[in-house]
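1. Any chance you could fold what I've pasted below:
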Amino acid sequence: MFGIPGKQAVTITDKAAAQIAKLMDKGGHSGLRIGVKKGGCAGMEYTMEYVDEADPNDEVVEQDGARVLIAPMAQMFLFGTEIDYEVSLLEAGFKFNNPNVAEACGCGESISFKDMPAG
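-> Here you go, the predicted structure:
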């Protein structure tokens with residue numbers, strides 16, 4: 001596991017926890033796995049998928065019925081991130097307030113990280 005002993009890799013706002021718990025109940029899933037992959041105009045993209053079983057190397061964060069699993073390769077990129085859920089007039093979705101991000105594209109779908117080699 002990556003990070004500081006006793007400190008969760010990510011924090012989840014109350015709104016995000018409620019939405020994740022609702023989606024887990026609706027689909028009968030055991031959690032929501034968050035990761036990162038290469039792609040997008042800034043170099044990396046967040047990934048989210050429902051899972052029925054945790055990987056033994058996942059970092060598990062549980063709060064108010066929500067269970068978020070951080071994929072092993074994403075733990076160093078997501079450490080310190082706050083996961084929020086926002087609803088506006090035109091859209092609703094999860095927002096990642098990530099202190100490790102150096103740059104994000106205009107649409108907010110793609111990011112690059114501090115100290116990440118280019119290409």
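
2. what's around the residue nearest to Ser30 when sequence neighbours are not counted, how many residues?
-> Counting by CB to CB, 6 or more residues apart in numbering, the nearest residue to Ser30 once its immediate chain neighbours are dropped is Asp52, at 5.4 Å. Bear in mind the C-beta positions are built from the backbone N, C-alpha and C, glycine included. The tally of other residues near Asp52 (other CB atoms under 10 Å) stands at 9.

3. Which pLDDT value does the model give Asp52?
-> Confidence per residue is given as pLDDT, and for Asp52 that number is 91.

4. beta partners for the residue nearest the centre of the chain?
-> By CA atoms, centre = their mean, the chain has its centre lying nearest to Ile34, at 4.3 Å. In this structure, Ile34 has the following beta-bridge partners (DSSP bridges): Met48, Ile70.

5. which ones are touching it?
-> Taking CB atoms under 8 Å, 6 or more residues apart in numbering, we find Ile34 in contact with Val10, Tyr46, Thr47, Met48, Val68, Leu69, Ile70, Ala71, Ala74, Leu78, Ile83.

6. Much appreciated, bye for now.
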